[in-house]
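# Fold the following for me, if possible:
(chains A and B)
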Amino acid sequence: MRIVVLVKHVPDVAGDIGFAADNTTNRAAMDGRLSELDEYAVEQALRLVEQHGGGEITYLTMGPEGAVEALRKALSMGGDAGVHVLDDALHGSDAIATSLVLAEAIKKLDWDLVVCGMASTDATMSVVPAMLAERLGVPGLTLAGRLAVDGNTVTIRRDSDYASMTISASLPCLVSVTDQTGETRYPSFKGIMAAKKKPMTTCCLADLGIDPAQVGAGAAWSVVDAATRRPPRAAGVVVTDEGDGGVKLAEFLSAGKFI
Amino acid sequence: MALNPNPDFDLFRVPEEHEQLRQAVRELAETKVAPRVAEIDESGEFPQDIYDVLRTNDMHAIHIPEEYGGQGGDALAACIVIEELARVCMSTSLIPGVNKLGTMPLLVGGDRDLLGRYLPQVASGEAMFSYALSEREAGSDAASMRTRATRAGDDWVLNGQKSWITNAGISRYYTVIAVTDPGAGTRGISAFVVHADDAGFSVAPPERKLGIHGSPTREILFENCRIPGDRIVGEPGTGFATAMRTLDHTRVTIGAQAIGVAQGALDAATDYAKQREQFGKPIATFQGVQFMLADMAMKIEAARQLVYASAAKSERDDPDLTYFGAAAKCFASDVAMSVTTDAVQIFGGNGYTRDYPVERMMRDAKITQIYEGTNQIQRVVIARELMRAR
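Numbering: from 1, shown residues only, chains lettered A, B, ... in the order given. Got it, this is the predicted structure:
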């Protein structure tokens, strides 16, 4: 089974995040990490290969130079190869352009299954998996809380607040997974050392046959007008109990619709 | 004259892969171990769940070579795992620490048959290894030990006791140093592997200690404990030398533990000082507190560099490892005690309570000045090596 796993390098929320003059994330200035939701995609792909006693996993990312760290982190958890789509013209791409580029990159690989995280933890558009399935012309099984592959059939379970749905499709198809799919592994020392030797390829828009006019800030279907860092959490309300603490607590809870 | 920085100058820089390992261990420690650490300290029970987490993530004995099913972690990797675990929970850091200590005599001895018999089980996590050198009446004066191994046909029969054995009762295997030839001094001492289920082997109730409550420490007893001849590690009479060479390597890991707990204390104290307000300002704005934090940070960094340099020497098996191992352990553990004590001071009254982690870190740090050779013995070793060199 040949699996392509999509990964994204996103700002580490513990660090400094800044916005550039054009309202894009200032990626050069930030500490980045492999998106946590993508770790679940990596984990599911690794489990599928383990369960089936074999298979190949290629990680794919689109991003500036630093994005290669997401590939390295994924490879240190397991898997076989990394592909990085790197091109200055991609700066400011929206989800539509992102899905175009990733689809073209996937088409250059041999694959049976694409696994993604349900959304990125920075933009959280959560539409790229569905857009990709559309562009690739394959079934898209999104928001999987459980994933299994048996022969040619992929089955997922999607859990919502009111129902659990079991959905299946044939390979080739695309799946996006949630954080309910199970704990992700930490990289092992052996995995970290082995990751160094795994093949990494870089490609640009020209390699994918994509016209730069179709991507980037200029091609975006929407424009970011303003972006500001969310203010730090306030200290909270402190109530001194002068015999009326219970009443004040009840008022606070009911104002917040907790009771 | 223009500055010509060379970003590829790799000396005195921890390799990227080791920093990635550090990240992985730190995340595991912060998400899986940290929530349990206070409870582990209060309950005094070996944290089997934490052991299982380490085992699942191959961090319980990272030093086991790949040919025996292990991760093949070098000495620096082993130190970093121990350091990052100790930063959160000293008791937990003793799992990889003592697995390394217990298996080191086999690695130093180099007998492939023994290694093949035991190391795979440690790598897989099904068995842990403890190390038994000290006795009630033979601590710093290890060579005055009395536990006896007497020949009986092809077997050996052990009689005596060993004290202060970390993870006794949990470990399946024990490397035991015993006297085989009473007249021959240190050349009359040999090393053996004893199994927990050997007849005549038993463990005493756990010691009630100041700290590292999550790591059981017990006396172990040998009453006509009979073991087959193939349990000997190396030739008869080499046990003391093996034990000493083992300590040269593993003292570096105690240094790693010490810098870990010190770093944890510094991180906690710094965060606290930034939040705690007195006289209308965070106490971190007062130079008195700043100077304390600065001194703590400098000492930790100096200790860290010494421990890492010693780890490199351990990996190369350098002849001056005896000196460096002792120096790293002694310096780092003194730093750990000083830093954790100052951390309690910075927390003030709060630091004296169990609601904050620093009193536990101080209690835990103390043992690093004592085990694997007291810091007095370390100084004896350092002075001896120093004088030998001149």
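
# Can you show me the helices along the stretch 151-300 of chain B?
B:239-275, B:287-316 (DSSP state H, counting those that start in this stretch).

# for the first one, the distance to its chain's centre please.
The one in question is helix B:239-275. Relative to its chain's centre, helix B:239-275 lies at 7 Å (CA atoms, centre = their mean, to the nearest Å).

# what about it, near chain A?
No - Helix B:239-275 stays clear of chain A (CB under 8 Å from any CB of the partner chain), getting no nearer than 10.6 Å. The way it works is simple: take the backbone N, C-alpha and C, and place the C-beta from them, glycine included.

# And B:Ile189, how close does it get to B:Met145?
Taking CB to CB, to the nearest Å as the measure, B:Ile189 and B:Met145 are separated by 7 Å.

# Compare those two and say which is more crowded by neighbours.
Comparing B:Ile189 with B:Met145 by other CB atoms under 10 Å in any protein chain shown, the one with more neighbours is B:Ile189, at 27 against 23.

# Show me what from chain A comes close to chain B.
So chain A meets chain B at A:Arg72, A:Lys73, A:Ser76, A:Arg185, A:Tyr186, A:Pro187, A:Ser188, A:Phe189, A:Lys190, A:Ile192, A:Met193, A:Lys196 (CB under 8 Å from any CB).

# Most distant residue from the centre of chain A?
A:Gly243 (50.7 Å; CA atoms, centre = their mean).

# Just list the residues touching the nearest residue to A:Ala14 once chain neighbours are set aside, thanks.
Among residues not flanking A:Ala14 along the chain, A:Asp31 sits closest, at 7.5 Å (CB to CB, 6 or more residues apart in numbering or on different chains). Counting by CB atoms under 8 Å, 6 or more residues apart in numbering or on different chains, A:Asp31 touches A:Pro11, A:Asp12, A:Ala14, A:Gly15, A:Asp16.

# Reformat those residues as a markdown table; add pLDDT.
Output for the contacts of A:Asp31, formatted as a markdown table (pLDDT from 0 to 100):
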| residue | pLDDT |
| --- | --- |
| A:Pro11 | 88 |
| A:Asp12 | 85 |
| A:Ala14 | 74 |
| A:Gly15 | 73 |
| A:Asp16 | 72 |
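
# So which of those residues wins on neighbours?
Within the contacts of A:Asp31, A:Pro11 tops the neighbour count with 20 neighbours, counted by other CB under 10 Å.

# ok and the residue in the stretch 201-350 of chain B nearest chain A?
Using CB to the nearest CB, the single residue of the stretch 201-350 of chain B nearest to chain A is B:Gln275, 10.6 Å away.

# what's the closest non-adjacent residue to that residue?
According to CB to CB, 6+ apart, the nearest residue to B:Gln275 is B:Pro282 (6.6 Å).

# Verify the contact between that neighbour and B:Lys274 for me.
Yes - at 5.5 Å, B:Pro282 and B:Lys274 qualify as touching, with contact defined as CB atoms under 8 Å.

# Which one's more surrounded, those two?
B:Pro282 (15 against 12).

# for that one, what are its contacts?
Per CB under 8 Å, 6+ apart, neighbours of B:Pro282: B:Ala273, B:Lys274, B:Gln275, B:Arg276.

# secondary structure class for the residue farthest from the centre of chain A?
Under DSSP: H, G, I helix; E, B strand; the rest coil, the three-state class of A:Gly243 is coil.

# Ok, A:Ile156 next?
Following three-state DSSP, the label given to A:Ile156 is strand.

# ok, now which ones touch residue 146?
Here I'm looking at chain A. Here A:Arg146 is in contact with A:Ile156, A:Arg157, A:Gln180, A:Thr181 (CB under 8 Å, 6+ apart).

# Wait, chain B was what I had in mind.
Taking CB under 8 Å, 6+ apart, one finds B:Glu135, B:Glu137, B:Ala138, B:Gly160, B:Val179 in contact with B:Arg146.

# A:Gly66 versus A:Pro11, what's the distance?
Look at A:Pro11 and A:Gly66: by CB to CB, they are 10 Å apart.

# Between those two, which contacts overlap?
Contacts common to A:Pro11 and A:Gly66, judged by CB under 8 Å, 6+ apart, are A:Arg27, A:Gly32.

# Check the stretch 101-250 of chain B for the residue nearest chain A and tell me.
Closest point on the stretch 101-250 of chain B to chain A, by CB to the nearest CB, is B:Ala123, at 10.9 Å.

# ok so that residue is a strand residue?
No - with three-state DSSP as the criterion, B:Ala123 is located in helix rather than a strand.

# Tell me how many other residues surround it.
B:Ala123 sits with 25 neighbouring residues when counted by other CB under 10 Å.

# wait, A:Gly66 sits on A:Thr25?
No - A:Gly66 is beyond contact range of A:Thr25, at 11.3 Å (criterion: CB under 8 Å).

# Assign A:Arg229 to helix, strand or coil.
Put simply, A:Arg229 is coil when judged by three-state DSSP.

# what's near enough to touch it?
A:Ile17, A:Gly18, A:Phe19.

# Please apply the same query to B:Glu83.
By CB under 8 Å, 6+ apart, B:Glu83 lies in contact with B:Arg22, B:Ser93, B:Ala256, B:Gln257, B:Ile259, B:Gly260, B:Gln263, B:Val307.

# mind running it again at 7 Å?
B:Ala256, B:Ile259, B:Gly260 (CB atoms under 7 Å, 6 or more residues apart in numbering or on different chains).

# wouldn't the first one be in contact with B:Ala77 here?
No - B:Ala256 lies out of contact with B:Ala77 (CB atoms under 7 Å); the separation is 10.6 Å.

# For B:Thr340, grab the count of nearby residues.
B:Thr340, neighbours per other CB under 10 Å, totals 30.

# Show me which pair in the contacts of B:Arg146 is furthest apart.
Between any two of these, the greatest separation by CB to CB is 12.9 Å, found for B:Glu137 and B:Val179.

# Those two: which is more packed in?
More neighbours surround B:Val179 than the other of B:Glu137 and B:Val179, with 23 against 11 (other CB under 10 Å).

# What does the pLDDT read for the more buried one?
For B:Val179, the model assigns a pLDDT of 98.

# Now it. Nearest residue, chain neighbours left out?
If the residues on either side of it in the chain are set aside, B:Val179 comes closest to B:Arg148, at 5.2 Å by CB to CB, 6+ apart.

# Identify the residues contacting that neighbour.
With CB under 7 Å, 6+ apart, B:Arg148 has these contacts: B:Asn159, B:Gly160, B:Ala178, B:Val179.

# what about the closest residue to the second one other than its chain neighbours, neighbour count?
Nearest residue to B:Gly160, sequence neighbours excluded (CB to CB, 6+ apart): B:Thr147, at 2.9 Å. Using other CB under 10 Å as the criterion, B:Thr147 is surrounded by 22 other residues.

# where does B:Thr147 fall, phi/psi-wise?
Backbone torsions of B:Thr147, given as degrees, to the nearest 10, read phi -60, psi 130.

# now do B:Glu135
phi -130, psi 170.

# how deep is it tucked in, by neighbour count?
Residues near B:Glu135, counting by other CB under 10 Å: 21.
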